[in-house]
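Student: sequence and predicted structure, then a few things I'm wondering about:
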Amino acid sequence: MFLYNTGIYIYYLAVRIAALFNAKAQKWVAGRQGWAAKLEEQLKEVKDKQIVWIHCASLGEFEQGRPIIEAIKAQYPQYAILLSFFSPSGYEVRKDYKGADIVCYLPLDTKEQAGRFIQMVQPKIAIFIKYEFWLNYLEQLRQHKTDTYIVSAVFKTHQPFFKWYGGIFRRSLKTYKKLFVQDEASKHILGTIGIHNVSVCGDTRFDRVMAIKEHFSPIEEIARFKCNSKLIVAGSTWPKDEDLLLEAYESLKAQNIKLVLVPHDITDELLRNTESKLMKHKLKYSRYTKGIDNNAQVLVLDTVGLLSRLYHYADIAYIGGGFNGGLHNCLEAAVYGIPITFSDHNYKKYNEAEALIQMGAAENVHTDGELLNAWQQYLDNKERLKEVHVKTRAYFMQNAHATETIMREVVF
């Protein structure tokens, strides 16, 4: 654990340095200052209830955990739910989420802070979402004999659990009462290191995006913007995504096809950068918060909370994040039966991305020419669009109900 703990302190030092000039790092640091006093006040509000602690890295993992949170609130209202985040990207967006009684940052994973957090919260149950393996927290939960679970997890051979140096990581897995994994491959590889308390139940994001679709509420401004045009929605984009997108879209701008850009980061600096690119390509655009011009070719969605419903209006989607180490949620778009495009050399680490490509419902591209070709092949072929719709519908029906499986097996 010495090397692990040293790494944690080095990481903390690096974030403190980054906070001198990076807004996200500033929020990461500021959000954890005085965490114990803040938490103590929050715990007073739920002092008569036992706590279920649910931890998510960021916003994407929150969407995976949300069906579990809502199921617990509906079936076990006697519990209070504490929701923690590692990243400001999750906390800042969901700090007022009404489904949880307490929302907070996860304190740094040191022995002292993890011990104090667990001692204060005294969770009856702890649930980690997908990829969060904090060794000091897991050790504290083991010592407190807390029923601990991980849900929607995916295990691959490149992870430290399966390396010669991964002994402390393998031991940490013994904390879990059960590991709920997305696929048989994860179950098999865990079995090779002696972990057998595993249940294959799929990905709770399927339940989440299907619920969003089922309870869809219109966005009238987007409907008016689209009007009779075809619409490409580019979700959670980063600067390199935008470079690729705008080069490809330039060949379509004379056609009756509109584009909605949804940047992942909507800070003023990055939005100004996006606008300068649009002007360079001579594209007529407007920003959502400054008034929509329905005659514009491009709409920049400079607000949060609308993307999952926005895909309802799309004829085709582009999913961002591949250039920045993490492809964003393909399922939010695919649930509407539309084809998906993205650019990610490592897309195979995402089960849903690989599955969508295999069924012909998605394309991974590397150049603006490939992206333009993919868009045209889908948009100009009604039969192919119909086939995508049929196959994705079957795919979602096959993968639904992970939440129900988990709720049956977690012991409350």
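Tutor: Yes, it's here.
Student: how much space is there between the residue nearest to residue 359 when sequence neighbours are not counted and residue 332?
Tutor: Leaving out its chain neighbours, the residue that sits closest to residue 359 by Cβ to Cβ, 6 or more residues apart in numbering is residue 391, at 4.7 Å. In short, each C-beta sits where N, CA and C put it, glycine included. Between residue 391 and residue 332 the distance is 17 Å, computed by Cβ to Cβ, to the nearest Å.
Student: the more surrounded of these two?
Tutor: Each of residue 391 and residue 332 had its neighbours counted (other Cβ atoms under 10 Å), and the higher figure belongs to residue 332 (25 against 18).
Student: OK, contacts around that one?
Tutor: 209, 212, 235, 307-308, 311 (Cβ atoms under 8 Å, 6 or more residues apart in numbering).
Student: so which of the residues you listed wins on neighbours?
Tutor: For the contacts of residue 332, neighbours were counted by other Cβ under 10 Å; the highest total belongs to residue 235, with 28 neighbours.
Student: where does it land in three-state SS?
Tutor: With DSSP: H, G, I helix; E, B strand; the rest coil as the basis, residue 235 sits in strand.
Student: roughly how far does the residue nearest to residue 359 sit from residue 379?
Tutor: Here residue 391 is placed at a distance of 18 Å from residue 379 (Cβ to Cβ).
Student: do the same with residue 58
Tutor: As it turns out, when the distance is counted by Cβ to Cβ, residue 58 lies 32 Å from residue 379.
Student: kindly report the same for residue 22.
Tutor: Distance, residue 22 to residue 379, using Cβ to Cβ: 39 Å.
Student: now the helix or strand encompassing residue 309: how far from the chain's centre is it?
Tutor: Take DSSP states H and E as the rule and residue 309 turns out to sit in helix 307-310. Helix 307-310 has its C-alpha centroid displaced from the chain centroid by 14 Å (Cα atoms, centre = their mean, to the nearest Å).
Student: got the end-to-end distance for stretch 102-114?
Tutor: Counting by Cα to Cα, to the nearest Å, you get 17 Å between the two ends of stretch 102-114.
Student: same check, this time on stretch 355-368
Tutor: Distance between the boundary residues of stretch 355-368 (Cα to Cα) amounts to 23 Å.
Student: which residue is the nearest non-sequential neighbour of residue 122?
Tutor: Leaving aside its sequence neighbours, residue 122 sits nearest to residue 51 (Cβ to Cβ, 6+ apart; 6.8 Å).
Student: what residues are up against that neighbour?
Tutor: Listed by Cβ under 8 Å, 6+ apart, the contact set of residue 51 reads 79-82, 102, 121-124.
Student: and what of residue 281?
Tutor: Applying Cβ under 8 Å, 6+ apart, we find residue 281 in contact with 246, 249-250, 253.
Student: what subset of those residues is buried?
Tutor: Neighbour-count burial within those applies to 246, 249, 253; the criterion is 16 or more other Cβ atoms under 10 Å.
Student: helix/strand/coil for the first one?
Tutor: Just to be clear, that refers to residue 246. Residue 246 carries the three-state label helix when classified by three-state DSSP.
Student: not counting sequence-adjacent ones, nearest residue to residue 66?
Tutor: Going by Cβ to Cβ, 6+ apart, residue 66 has residue 208 as its nearest residue, at 5.6 Å.
Student: within the helices and strands, which one has the one you found?
Tutor: Assigned by DSSP H and E, residue 208 belongs to helix 204-214.
Student: which SSE is immediately downstream of that helix?
Tutor: helix 220-226.
Student: buried set for that next one?
Tutor: Buried residues in helix 220-226, counting neighbours by 16+ other Cβ under 10 Å, are found at 222, 225-226.
Student: repeat for stretch 40-51
Tutor: For stretch 40-51, the neighbour count (16+ other Cβ under 10 Å) marks 42-43, 46, 51 as buried.
Student: how about stretch 348-364?
Tutor: Buried residues in stretch 348-364, defined by neighbour count with 16+ other Cβ under 10 Å: 350-353, 355-357, 359, 361-364.
Student: how much space separates the residue most central in space within the chain from residue 359?
Tutor: Central residue of the chain (Cα atoms, centre = their mean): residue 60, 1.4 Å from the mean position. Spatial separation of residue 60 from residue 359 under the definition Cβ to Cβ is 22 Å.
Student: what's the answer for residue 120, then?
Tutor: Where residue 359 is concerned, residue 120 sits at a distance of 47 Å (Cβ to Cβ).
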